[in-house]
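1. below: sequence and its predicted model.
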Amino acid sequence: MIHFAALFSILLISTAAAQTGADSINVAVDSLFVRASSINVYYFELVQPSKEALGKMGAGAVPRLVEKMRTQDAREMQALEDVFKLIGPPAVPQLVDVLGSENVYRRRLAARILGELKDSSSVEGLLKYTNDDDFRMRGGVISALGKVGHKRAIPKMREALRDQDYLVRTSAAVALSNFKDSSNVIPLIKALSDKYYGVRYSAALALSNIGKPAVRPIVDALKVPGDTLSYYQLIEIAGNLADPRFLEPLVKIVNSGDPFARAFAAEALGKLGSEAAMKALQDRYEIETHPLVISKIEAVVLN
C-alpha cells in the first residue's frame, strides 16, 4: 500500500505539471505553497513533497513565488528559500530584479536566497546594492556575495569592513573568509581592532581560514604589538595556523612581561607541537610564577 503522503506527493506533482496558463499555474503554486510552509500537524508529511513539487515546476512557478516574498513570516521565508534552491539558476534573473523592490522584506529575502543559490550570474546585480541605505540590505548583499564566492566582489567586501554599521562589518569579515586571497590579510588584521566583538571574532576566523597566505603578515604584526585585543587574537591565530615560522615570535612572547600574552603563546606553542616549541615551554615552566600561565603550560607539557 502506498503511504498517504507519498501518494499525495505524486498527485501534487502531477497536478502542478499539468497546469497551463498563468492563472492555473498560480492556483497550483498557491495550493502547494500552503502545504510547503504549513505548521499544521495535518500537513506535516506533505511539507517536503510540496516543496519538491514546486521545485519541479521550475521557472514557471517563479513569478508567483516572487509575489510571496513580501511575507514577514519566518517559516514562509524558509520555505521560499528551500523551493528556490530546488529551482536553481532559472530563478536568478527574477530574484535579481527583486533586489530593487520597494518592499524591504522582498529585497532582503532576495539577497539571502541569491547567496544560497551561489550562482555567479547574480554578482553584477548584487554589487549594485553594496552601498544601499538600508544597513540590513548592505549586510545581506555582502553576505550573499561571499557565498557566491566571485573574486570581483572582494574590493566591495574589503570596503564593507569599514562600514559604519557593525553588522555589515561582521558580514564582510565572514564573507572574506571564503577567499584564500593574500590581499585580504592586512584589512582583516586591522579588523581585529574593531570595537565590536563580532567583527573581531569573524576577522580572526577569516584569517585562520585563509591559511598560509596569512602567515608572513601575522608574523610581522606579532613583532610590533598593537592594542591588546588584536595582539592576543594574533597569537591565537598563530597557534591555529601552526606554521613553523611562528616559532620565533611565539618564543619571545612566552618570555615577555605580559602574563596574558604568555598564556596565549603557551597554547599556541603547544599547537605547533615541535621539539623546539616544547623545549621553549619547558624552559619557561621552570621560571614561570603566574598561575594562569603555569596552568596553560601544564596543559600542554604534562598531557
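-> Now that the structure is in, tell me what you want to look at. Numbers count the residues shown, from 1 in each chain.

2. need the contact list for R200.
-> 191-194, 229-230, 233 (C-beta atoms under 8 Å, 6 or more residues apart in numbering). The way it works is simple: take the backbone N, C-alpha and C, and place the C-beta from them, glycine included.

3. which helix or which strand is home to it?
-> Using DSSP states H and E, R200 sits within helix 197-210.

4. likewise L109?
-> With DSSP H and E as the criterion, L109 is inside helix 104-117.

5. what's next to that helix, contact-wise?
-> 66, 69-72, 77, 80-81, 84-85, 88-89, 91-92, 95-96, 98-101, 122, 125-126, 129, 134, 136-137, 140-141, 143-148.

6. filter these down to the buried ones and express that as a PyMOL selection.
-> In PyMOL, this line selects whichever of those come out buried by 16 or more other C-beta atoms under 10 Å:
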select buried, resi 66+69+71+77+80+81+84+91+92+95+96+98+99+101+122+125+126+129+136+137+140+141+143+144+145+146+148
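
7. for this protein, which helix or strand comes out least confident on mean pLDDT?
-> One helix or strand of the chain scores below all others by mean pLDDT, DSSP states H and E: helix 4-18, with a mean of 51.

8. immediately after that one, which helix or strand?
-> Downstream of helix 4-18, the next assigned helix or strand under DSSP H and E is helix 22-36.

9. off-centre distance for that next one?
-> 33 Å (C-alpha atoms, centre = their mean, to the nearest Å).

10. repeat that for stretch 167-187.
-> Mean C-alpha position of stretch 167-187 versus that of the full chain (C-alpha atoms, centre = their mean) differs by 10 Å.

11. only alpha carbons, please: show that stretch as CSV.
-> The C-alpha coordinates for stretch 167-187 follow below in CSV (Å, rounded to 0.1, in the frame of the first residue of the first chain):
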residue,chain,number,x,y,z
LEU,A,167,26.5,44.1,11.4
VAL,A,168,27.8,45.0,7.9
ARG,A,169,31.4,44.9,9.0
THR,A,170,30.8,41.4,10.5
SER,A,171,29.2,40.2,7.3
ALA,A,172,32.2,41.5,5.4
ALA,A,173,34.7,39.6,7.6
VAL,A,174,32.7,36.4,7.3
ALA,A,175,32.4,36.9,3.5
LEU,A,176,36.2,37.4,3.1
SER,A,177,36.8,34.0,4.9
ASN,A,178,35.7,32.3,1.7
PHE,A,179,38.7,33.6,-0.2
LYS,A,180,42.3,32.5,0.2
ASP,A,181,43.5,35.8,-1.1
SER,A,182,46.6,37.4,0.4
SER,A,183,45.3,40.9,-0.4
ASN,A,184,42.6,40.4,2.3
VAL,A,185,45.0,39.7,5.1
ILE,A,186,46.1,43.2,6.1
PRO,A,187,42.5,44.6,6.1
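
12. do you know the pLDDT at K223?
-> We have a pLDDT of 87 for K223.

13. burial of it, as a residue count?
-> Neighbourhood size, K223 [other C-beta atoms under 10 Å]: 10.

14. what's the closest residue to it other than its chain neighbours sitting at in phi/psi?
-> Spatial nearest neighbour of K223, excluding adjacent residues (C-beta to C-beta, 6 or more residues apart in numbering): P249 at 6.1 Å. Backbone torsions for P249, taken as degrees, to the nearest 10, come to phi -60, psi -30.

15. check contacts around P249.
-> 219, 222-223, 238.

16. ok, Y129 next?
-> Neighbours of Y129 in contact, by C-beta under 8 Å, 6+ apart: 99, 107, 111, 137-138, 141.

17. please report phi then psi for it.
-> When read as degrees, to the nearest 10, the backbone of Y129 gives phi -120, psi 20.
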